[in-house]
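Undergrad: Mind folding the following:
(one chain, ligands or ions: 1)
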Amino acid sequence: MSERLLVLCRHGQSEWNLKNLFTGWKDPGLTELGVAEAKTAGQKLKALGLQFDIAFTSALSRAQETLRLALDEIGQPNLETIRDWRLNERDYGDLTGLNKDDARKKWGEEQVHVWRRSYDVPPPGGESLKDTVARTLPYYVQDILPQVLQGKRVLVSAHGNSLRALVMVLERLTPEGILKRELATGVPIVYRLKADSTVESVHDLAG
Ligand SMILES: O=C(O)[C@H](O)COP(=O)(O)O
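TA: Sure thing, here's the model as predicted:
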C-alpha cells in the first residue's frame, strides 16, 4: 500500500523574523538559529525513517535554504526539487519591512492581528489569506497532490501563510479556526492522506 506521505515545513527563522519585520515577498536569508532549526527538522524526519521522492519549495531563499539543509540531514541532497512562486509567503503589501510592534503602536493590536491572521481582510496593498489560498490551492491540487496520490513521498518547504492556506484546506478549518493556527519556524507537519485526498493522520513534529 502506498504511503501517501505529505510533509509541510515552514522555513527556519529568517533575518527579518529575528528583527520582527513584516517580510512577505522580501528575500532575507536564515539566521544562525534558522539554520539550526532547518537541520533539526531534517534530523526529526530522518529519525522517523522518512525518505522522499520529490520536494516543492517557493521562489524565496529562506524556504529553499531550509529545504537544502533538511535534505542534507536526511541524506537526500540531490532530491528532485520544484520551485514555484505560488508557494511564496503572502504578499504583505505596504506593511512589508515595517516592524510588527511599531505597526501595533500605529494601527492598534486588534487591526494588526486582523491583517496577520484573519481569512479575508488583506493588509493594505497586500494579499489576504483568502488571496493566498487562491494561488496556493490550485498549485497544490494540480502539481503537488497528484504526486502524493501516485504514491510519491512529498516534502514541501514554504512559509507561515502559504502553508496556513494549505493547512486550512487539509485540516478543514473554518475562517475562525485558521485565525488561531500558528506554524512555528522549522517544524515539520507530517500528513498521511487517504486515497480520496482527505487527511488520514497528522503529526506535528514540534518539541
Ligand atoms: O512575512 C512575514 O512577516 C512572516 O513570514 C509571517 O508573518 P506573520 O506571522 O506576521 O504572518
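Undergrad: hmm, who's touching the longest helix seen in the chain?
TA: Identified as the longest helix of the chain according to DSSP state H is helix 32-47. Helix 32-47 has contacts (Cβ atoms under 8 Å, 6 or more residues apart in numbering) with 7, 9, 11-14, 17-18, 30, 62, 65-67, 69-75, 155, 185-188, 190, 205. C-beta here means a position set from N, CA and C on the backbone, and glycine is covered the same way.
Undergrad: In this protein, what residue lies closest to the ligand?
TA: residue 23 (3.5 Å; Cβ to the nearest ligand atom).
Undergrad: And that residue, its phi and psi?
TA: Here is the backbone geometry of residue 23 (degrees, to the nearest 10): phi -110, psi -50.
Undergrad: Surely it and residue 13 touch.
TA: No - taking contacts as Cβ atoms under 8 Å, residue 23 lies outside contact range of residue 13: 11.1 Å.
Undergrad: So what's the residue count around residue 58?
TA: Look at residue 58: counted by other Cβ atoms under 10 Å, it has 26 neighbours.
Undergrad: contacting residues around it?
TA: 64, 83-85, 87-89, 157-159, 162.
Undergrad: Leaving out chain neighbours, which residue sits closest to it?
TA: Closest residue in space to residue 58, ignoring its immediate chain neighbours: residue 87 at 4.0 Å, by Cβ to Cβ, 6 or more residues apart in numbering.
Undergrad: ok, which of the contacts of residue 58 also contact the ligand?
TA: Restricting these to those near the ligand by Cβ under 6 Å from any ligand atom leaves 89, 159.
Undergrad: Could you look up the SS state of the closest residue to residue 204 other than its chain neighbours?
TA: The shortest distance from residue 204 to any non-neighbouring residue, by Cβ to Cβ, 6+ apart, is to residue 189 (5.1 Å). What DSSP: H, G, I helix; E, B strand; the rest coil gives for residue 189 is strand.
Undergrad: Number of residues surrounding residue 127?
TA: Using other Cβ under 10 Å, residue 127 is surrounded by 23 other residues.
Undergrad: who are the neighbours in contact with it?
TA: By Cβ under 8 Å, 6+ apart, the contact set of residue 127 is 90-93.
Undergrad: now do 10 Å
TA: Residue 127 makes contact with 24-25, 88-93, 133-135, 161-162, 165, according to Cβ atoms under 10 Å, 6 or more residues apart in numbering.
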